[in-house]
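Trainee: Fold the following.
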Amino acid sequence: MTFLQPNKENSALISRIIAILALPAVLGIIALVILHNQFVGLKHDLSEMNLETQETQASNADIKDQILDLFSNETLLNFKNSRGLIQEKKPSYFQTNKQWASAL
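Mentor: Predicted structure coming up:
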């Protein structure tokens, strides 16, 4: 039976080539894992920002509803009645029989 024995110089050269090629592959895999973790972190941050934006929009809508409720007819009528105000049917904002101060 014949055993093939590889040349020791060739096997050392092949081992070095494999080591040289494996090092960038390992470094590349580590870099990809780091990048993946950063992207996942960014995705979580974006989802939190979206939730915060939605909450802000909801509170903004509530505030707008409260402002519109303040100026509703029913609220204004209650305010008018509580202060004893009366509504004029024909208000006169300017008196037409007086002259302007600059026209004197």
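Trainee: just to confirm, which helix or strand has F94 in it?
Mentor: Using DSSP states H and E, F94 sits in no helix or strand.
Trainee: Apologies, that question was intended for I29.
Mentor: helix 8-70.
Trainee: tell me what that helix is packed against?
Mentor: Helices and strands touching helix 8-70, by 3 or more C-beta pairs under 8 Å, 6 or more residues apart in numbering; DSSP states H and E: there are none. Heads up, the C-betas are built off the backbone N, CA and C, glycines and all.
Trainee: pLDDT below threshold where in this structure?
Mentor: Scanning the chain for pLDDT under 70 picks out 1-2, 6-8, 95-104.
Trainee: give me that answer again for 90
Mentor: Scanning the chain for pLDDT under 90 picks out 1-16, 68-81, 83-104.
Trainee: how distant is the helix holding I29 from the center of its chain?
Mentor: Centroid displacement of helix 8-70 relative to its chain, using C-alpha atoms, centre = their mean, to the nearest Å, is 17 Å.
Trainee: what's downstream of it, the next helix or strand?
Mentor: helix 73-83.
Trainee: gap between that following helix and the chain center?
Mentor: 40 Å.
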